[in-house]
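Asker: Build the 3D model from these lines:
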Amino acid sequence: MDDPILYWNDVALEANRVSHTNGKGEQTGPALSSRALAIVHLAMYDAFVGASQSALDPYLTPKPASASSEEAAVAAAAHATLSHLFPSQKPFFDLKHAQAAPSGANLMKGHQFGLMVAKNILDDRKDDSGAGDDGHASSMAYGAHRPEPDNPGQGYHAPFYGAGSKGFAITDRHELAAPPQPPNDPYYISALREVRGQGIAPELMGTVPPDLDRRTADQTVRGIYWAYDGASGLGTPPRLYNQIVREVAMKTPNPNNTGTPNTNTEEQNARLFALVNVAMADAGILAWDQKYVHDLWRPVVGIREHDTSMGPTGGGNDNIGDNCDPFWLPLGAPSRTRWARTSHPTSRHTLRGTPRSAQRHSTSRVSFMEWTSGTGTRTTCSTTLCSCLTR
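Answerer: Numbering: from 1, shown residues only. Presented below is the predicted three-dimensional model:
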């Protein structure tokens with residue numbers, strides 16, 4: 001096997017795709033899927049570091065006294081964590097484990113160390129909250145998050161996950177200031193008008209008032225691309241970002257390496273994929289925490305019920321405000337049988353920035369939910385992960 005990290009990364013990405021296709025509901029959605037990928041890649045990282053006696057510091061499991069088979073350790077750690085997270089896919093993981101066929105000395109020693117690494121990381125994450133919404137009730141207040149009118153049975157995804165899960169690398173959490181509030185905040189009104197004109201369903205484009213900017217064809221393509229989130233046969237954005245990172249790792253010369261090829265070594269890939277997936281997992285935890293702290297309604301509800309006479313608490317009004325459209329629907333992602341409406345940017349736009357932290361976003365749907373940081377603590381990286389991955 002050329003690189004066990006890339007091999008098992010590919011297996012993990014396939015598990016993500018299948019989990020959103022087979023109907024078993026294992027690690028679905030951006031939050032849980034990013035958590036699962038972080039667990040698997042941290043297990044692979046610790047297994048590689050310990051088995052190879054790398055100079056890198058371990059994340060959780062101390063290095064053993066002597067080296068062992070790196071291939072066997074990584075394979076055991078990846079197989080064990082994947083089988084725990086996606087039990088319905090264990091036959092597939094068994095097949096890939098057999099096909100990996102680790103060879104060389106100290107195979108059993110490496111295998112046993114990999115199993116210990118997997119047990120340790122799974123034990124460390126056993127108290128994380130799940131994605132269920134039992135016990136969560138939506139507020140009927142004006143401006144509060146409620147199900148979309150065109151998808152009333154969608155429920156609430158992971159309302160307790162962010163607050164109930166510890167970070168992988170963060171030691172403190174961002175506390176965001178309250179977002180601009182309807183109905184009169186100028187920033188809110190500007191964002192609402194932008195989304196109303198540029199985020200509307202194609203069949204309703206003719207209803208956009210003439211004083212609003214309409215979506216261009218290029219913006220439509222970008223909107224549809226980013227609307228794919230947990231689609232059958234595709235998986236979640238963390239899978240797509242890992243695929244991009246794979247291309248970089250396999251094809252881009254590393255300036256720190258000499259010789260041919262000078263792409264990433266196994267050690268560098270172990271570190272790289274741990275960093276990327278931990279960053280996305282922590283982004284999901286922080287985003288889901290603040291999402292349900294502020295509980296701001298989705299754009300489709302906000303546009304339909306902007307006038308205070310609308311919605312479950314509305315008092316009736318014969319003169320609906322110009323910024324309210326009771327029949328507005330968002331651009332959606334095409335599925336096999338219908339347009340899957342999506343109008344909440346939390347997951348894909350939070351996770352989208354983490355593989356490349358300097359990336360900035362200017363899509364209209366982000367601006368509707370965007371707000372500035374408050375005076376709370378800044379997120380910092382734990383000394384464990386920073387020292388072992390980012391030095």
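Asker: What is the distance between stretch 141-150 and the centre of its chain?
Answerer: 23 Å (C-alpha atoms, centre = their mean, to the nearest Å).
Asker: try stretch 280-298
Answerer: That offset, for stretch 280-298, works out to 11 Å (C-alpha atoms, centre = their mean).
Asker: which ones are touching Ile39?
Answerer: Thr81, Leu85, Ile121, Leu122, Arg125 (C-beta atoms under 8 Å, 6 or more residues apart in numbering). (Glycine included, C-beta is placed from N, CA and C.)
Asker: Give the single residue among the residues you listed positioned nearest to Tyr59.
Answerer: Tyr59 lies nearest to Ile121 out of the contacts of Ile39, by C-beta to C-beta, at 7.9 Å.
Asker: Lowest mean pLDDT among the helices and strands, pick that one out for this protein.
Answerer: Scoring the helices and strands of the chain by mean pLDDT, DSSP states H and E places helix 364-369 at the bottom, with a mean of 30.
Asker: so where do the helices sit in this protein?
Answerer: Using DSSP state H, the helices of the chain run over 4-19, 29-52, 70-85, 90-100, 107-124, 161-164, 186-198, 217-227, 237-251, 266-294, 299-304, 346-352, 364-369, 383-385.
Asker: Now do the third one: which elements does it pack against?
Answerer: With contacts taken as 3 or more C-beta pairs under 8 Å, 6 or more residues apart in numbering; DSSP states H and E, helix 70-85 sits against helix 4-19, helix 29-52, helix 90-100, helix 107-124.
Asker: ditto for the first one
Answerer: When contacts are defined as 3+ C-beta pairs under 8 Å, 6+ apart, helix 4-19 packs onto helix 29-52, helix 70-85, helix 90-100, helix 237-251, helix 266-294.
Asker: any idea of the pLDDT on the nearest residue to Arg196 once chain neighbours are set aside?
Answerer: Using C-beta to C-beta, 6 or more residues apart in numbering and skipping the chain neighbours, the partner closest in space to Arg196 is Ile303 (5.3 Å). On the pLDDT scale, Ile303 is placed at 96.
Asker: Can you give me every residue that contacts Ile303?
Answerer: Taking C-beta under 8 Å, 6+ apart, one finds Leu192, Val195, Arg196, Asn323, Cys324, Asp325, Trp328 in contact with Ile303.
Asker: try 10 Å
Answerer: 192-193, 195-196, 199-200, 297, 323-330, 343, 368 (C-beta atoms under 10 Å, 6 or more residues apart in numbering).
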